[in-house]
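Novice: Sharing a sequence plus its predicted fold:
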Amino acid sequence: MSEHIIKAEFSEVMQKSYIDYAMSVICARALPDVRDGLKPVQRRVLYSMDELGLRFDRPHRKSARIVGDTMGKYHPHGDSSIYDALVVMSQEFKKGMPLIDGHGNFGSIEGDGAAAMRYTEARLQKITQDAYLSDLDKDVVDFAPNFDETEREPKVLPVKIPNLLINGADGIAVGMTTSIPPHNLCEVVDAVKAYMRKESITNEELMGYIQGPDFPTGGLVVNKKDLLGIYSSGTGKLKLRGKVVFEKSQKRGEKDKLVITEIPYTMIGNNISKFLSDIVNLIETKKTTDILDISNESSKEGIRIVLELKKGADVERLKNLLYKKTKLEDTFGINMLAIVNGRPETLSLKDIIAYHTQFHYEITRRKYRTLLKKLYEQKEIKEGLIKACDMIDLIIEIIRGSKSQKEVKACLTKGEIGNINFKTSDSMIEATKLTFTDKQACAILDLKLYRLIGLEILALKEEFQEITEKIEEYEDILNNDLSLKRVIRKELDAFKKEFGKERRTTIEDGKEAVYIEAPIKQEQVYFIMDRFGYSKTFDKATFERNKENVQKDYKYVIPCMNTDKICIFTNQGTMHQIKILDIPSGKYRDKGTPIDNLGNYDSSKEAIIAVMPVEDILHTELLFATAQSMLKVVNGEEFKVTKRTVASTKLTENDEVVAVIPVSTAMNDEVVLQTKNGVFLRFQLSEIPKKKKGAIGVHSMKLSKDDEIMKVYVLEAQNITSIMYKKKKLEFHKLKLAKRDTKGSKIRR
């Protein structure tokens, strides 16, 4: 076979391949179908469980068996994604209506993960069996081959309630996401019935039935006024709040309590522990002094986070503080995106209900067509048996006079008498008039003698009558839209009565949480940090009492105001800012807090070169020196920034900052550079040009190949005149006053 080379533009091939991949992820993995509200993995898990016979009234089966069956037959994308989907469908705190009944550790609302699939067990919930899978055997949906064409799977499940609204959905595809909150079953059923009565109904009218989302965690939605716009466009943001209850002390010695009994839906998981740590942080930073203690008393009965309050605490102010500074108030982004006719589409509330209702019409019609077909077959057989009972003597005579079953069947269906022996010519004439159908003839041949009892014949006629009445009923349903809708409404009412629950989430237009921080009383404090990076602040009195020990034990001791910020300059040319208020105050013997924990500084990657208050920097100039002999002076005003971390200087490759020193170019000061190999250079500070912080600087000293700047001294700025070098005193004024960017003098001792 000869090769055929196809020439193609590379960019076009890549574009087509990426689009194909994106659509595969969107339609076959990440987004739910508007008809059943399920992603493919969820649909396959439920169908696989149905095939395994894991009904709600049968024993649980190991999750590993369910996952293995699903992966082997329908979803070859890894067991973790399948098990994750199974777990989520069983979690009451995530789904408005859990579809799977889990047995064992399936995780908790506080973020604990589920146990491994070999330990847990599962089966279907009753609602899943009744409303999601009940009519699969009645040809209500289309089936397609699985990935290796050895099995067949449903393209969509025959879900009879709008699962996309009731359970919501979330998913991340390529270039798009979906985020639909759960809703109340009773309200959704009422909205569907309203749409069936009036298909021109508006989103505003539908919201007369559906108040808004109904989260399994309860809580409050406090922007009711925005809901119509959100449900009309399919996108928007909900403002969620937890439910806070004030409990007055009932006994002497008890404290008043502020209790969080319901949390925002966005707080489930690790965000609960984050919420608790945020409250602790508010206490430590003295944003509030009203909270004496905090405890998490949550259990299987529900959420209960208790804040013990001091006497006379301002409860409303504290509530507003929690709303503003913690996740007790949060936003939930809505993007009602789903697959419609094979394509992703952003839907309104009415769109979702309309698409699902039309799907419900379709599966109901297909169900009754299948049932009607079976009833016609039963009617045909019953009709033949009744007719046969009326001429049973003739049929017995035909059977007894025949030599084979084939002759009997030919006589019953076509009146062919052939070689059949009859007792009388009248019987022969009657036999030629027989016109039973093939199915009737087979049923007659299978007829048992006890069915010839009078009561059995009567029962046969009653069955025929019932079948006739059912045929009339089913034909009416298929031919009359009002009858079809009546059947669906009856079905929906049954689901509402059996599975409906009271609304858990309150919908209101809440007042904006207003919290005005009390003005901070300015006072002088001392920032101290040891050589290991442990830092804290002292008030002035504590410092004065321990002054000598502090100056001896700590590397940095910096007086500043409590409203100031500390700037940390590192060897990587970065400046980190930390608020003094964020640094815990402590006693002299307290260890302190690692500076890494207070800002973006990472001691494993950077080394601290200098530490100084922002206020001091703004009123001075800074001399930057690097190991590769680059110098510059930068105006301190350039470091008036709001970001916590900024680049303080630009570095060449393999270079690093060795000194950041406050200076004043107005003074007639001198600079002394010391290299690793013991070369010293003394020159005037005025020779160093002023540069922007984004500049590299100028060369300060000619270095030998293996040498680099190690230390920098600014004589008057640092009030230094000499150093100990190789165990001898080195007087700087004895060094030759040279020019910048010269070789310097090597000191030999």
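Specialist: Done, it's in. Numbers count the residues shown, from 1 in each chain.

Novice: make it CA atoms for all contacts and neighbour counts henceforth
Specialist: OK.

Novice: Could I get the full set of helices for the stretch 501-650 of the chain?
Specialist: 540-545, 547-553, 614-618 (DSSP state H, counting those that start in this stretch).

Novice: ok, and what's touching the last one?
Specialist: Same thing as helix 614-618. By C-alpha atoms under 8 Å, 6 or more residues apart in numbering, the residues outside helix 614-618 that reach it are 564-567, 635-640, 662.

Novice: Mind picking the two most distant members of the residues you listed?
Specialist: The largest separation in these, counting by C-alpha to C-alpha, is between Asp564 and Asn635 at 19.0 Å.

Novice: on that earlier part again, restricted to strands, list the contacts of helix 614-618.
Specialist: Within these, residues falling in strands by DSSP state E are 565-567, 635, 662.

Novice: Am I right that Ala115 falls within a helix?
Specialist: No - read with DSSP: H, G, I helix; E, B strand; the rest coil, Ala115 is coil and lies in no helix.

Novice: Need the pLDDT of the nearest residue to it once chain neighbours are set aside.
Specialist: Nearest residue to Ala115 in three dimensions, chain neighbours excluded: Asn105, at 5.4 Å (C-alpha to C-alpha, 6 or more residues apart in numbering). Asn105 carries a pLDDT value of 94.

Novice: Tell me if I'm right that Asn105 and Thr120 touch.
Specialist: Yes - between Asn105 and Thr120 a contact is recorded at 6.5 Å, counting by C-alpha atoms under 8 Å.

Novice: what ranges do the strands span in the stretch 51-200 of the chain?
Specialist: Ranges of strands in the stretch 51-200 of the chain, per DSSP state E, counting those that start in this stretch, are 61-62, 100-103, 121-124, 143-145, 152-154, 169-172, 177-180.

Novice: would you turn those into CSV with distance to Pro559 and mean neighbour count?
Specialist: Listed next are these as CSV, based on distance: least, C-alpha to C-alpha, whole Å; neighbours: other C-alpha atoms under 10 Å:
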stretch, distance to Pro559, mean neighbour count
strand 61-62, 65, 17
strand 100-103, 60, 22
strand 121-124, 63, 24
strand 143-145, 76, 13
strand 152-154, 73, 17
strand 169-172, 51, 18
strand 177-180, 51, 20
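
Novice: Point out the one among these that comes closest to Lys511.
Specialist: Lys511 lies closest, by C-alpha to C-alpha, to one member of these: strand 177-180, at 25.0 Å.

Novice: before we move on, the earlier item: please identify which of the strands of the stretch 51-200 of the chain is closest to Ala30.
Specialist: Evaluated over the strands of the stretch 51-200 of the chain, closeness to Ala30 peaks at strand 169-172, with 5.3 Å, by C-alpha to C-alpha.

Novice: Name every strand pairing with that closest one and say which way it goes.
Specialist: strand 177-180 (antiparallel) (DSSP bridges).

Novice: If you average the pLDDT over the partner strand, what comes out?
Specialist: Strand 177-180 comes out with an average pLDDT of 92.

Novice: List the contacts of that strand.
Specialist: The contact list for strand 177-180 (C-alpha under 8 Å, 6+ apart) reads 31, 164-165, 168-172, 333-338.

Novice: ChimeraX command to pick out the buried ones of these?
Specialist: Buried members of the contacts of strand 177-180, defined by 16 or more other C-alpha atoms under 10 Å, are picked up in ChimeraX with:
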select :31,164,165,168,169,170,171,333,334,335,336,337,338
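
Novice: What average pLDDT does stretch 428-439 get?
Specialist: On average, stretch 428-439 scores 83.

Novice: quick one: contacts for Ala738?
Specialist: 681-683, 744.

Novice: Could you rerun that using 6 Å?
Specialist: Taking C-alpha atoms under 6 Å, 6 or more residues apart in numbering, we find Ala738 in contact with 682-683.

Novice: Number of residues surrounding Arg682?
Specialist: By other C-alpha atoms under 10 Å, the residues close to Arg682 number 25.

Novice: ditto for Phe532
Specialist: Every residue meeting other C-alpha under 10 Å relative to Phe532 is counted, giving 11.

Novice: What of Leu460?
Specialist: The burial count for Leu460: 18, using other C-alpha under 10 Å.

Novice: How about Thr346: what's its closest non-neighbour residue?
Specialist: Using C-alpha to C-alpha, 6+ apart and skipping the chain neighbours, the partner closest in space to Thr346 is Leu337 (4.3 Å).

Novice: Quick check: phi and psi at Val244.
Specialist: phi -120, psi 130 (degrees, to the nearest 10).

Novice: swap in Ile399?
Specialist: Per-residue torsions, Ile399: phi -60, psi -40 (degrees, to the nearest 10).

Novice: Leaving out the residues flanking it, which one is nearest to it?
Specialist: Once flanking residues are discounted, Ile399 sits nearest to Val408: 6.1 Å by C-alpha to C-alpha, 6+ apart.

Novice: now do Met724
Specialist: That would be Leu730: by C-alpha to C-alpha, 6+ apart, it lies 5.9 Å from Met724.

Novice: any chance you could map the strands in the stretch 551-700 of the chain?
Specialist: Going by DSSP E, counting those that start in this stretch, the stretch 551-700 of the chain shows strands at 556-561, 565-570, 574-579, 593-594, 608-613, 621-626, 630-635, 645-647, 657-663, 670-675, 679-684, 698-699.

Novice: nope, the stretch 251-400 of the chain is what I meant
Specialist: For the stretch 251-400 of the chain, strands defined by DSSP E, counting those that start in this stretch occupy the ranges 257-262, 291-296, 305-309, 329-335, 337-340, 343-346.

Novice: Reformat the ones you listed as JSON lines; add distance to Ser629 and mean pLDDT.
Specialist: Converted to JSON lines, the strands of the stretch 251-400 of the chain look like this (distance: least, C-alpha to C-alpha, whole Å; pLDDT from 0 to 100):
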{"stretch": "strand 257-262", "distance to Ser629": "60", "mean pLDDT": "93"}
{"stretch": "strand 291-296", "distance to Ser629": "54", "mean pLDDT": "90"}
{"stretch": "strand 305-309", "distance to Ser629": "58", "mean pLDDT": "92"}
{"stretch": "strand 329-335", "distance to Ser629": "51", "mean pLDDT": "94"}
{"stretch": "strand 337-340", "distance to Ser629": "59", "mean pLDDT": "92"}
{"stretch": "strand 343-346", "distance to Ser629": "60", "mean pLDDT": "91"}
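
Novice: can I get these in a markdown table with distance to Asn677?
Specialist: Conversion of the strands of the stretch 251-400 of the chain to a markdown table gives the following (distance: least, C-alpha to C-alpha, whole Å):
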| stretch | distance to Asn677 |
| --- | --- |
| strand 257-262 | 66 |
| strand 291-296 | 59 |
| strand 305-309 | 62 |
| strand 329-335 | 59 |
| strand 337-340 | 68 |
| strand 343-346 | 69 |
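
Novice: Let me know which of those is the nearest to Ser81.
Specialist: When those are ranked by proximity to Ser81 (C-alpha to C-alpha), strand 337-340 comes first, at 19.8 Å.

Novice: So which residues make contact with that closest one?
Specialist: Contacts to strand 337-340, defined as C-alpha under 6 Å, 6+ apart, come from residues 31-34, 178, 344-346.

Novice: and which of those residues is nearest Glu204?
Specialist: Closest to Glu204, out of all of the contacts of strand 337-340 and judged by C-alpha to C-alpha, is Thr346, at 18.0 Å.
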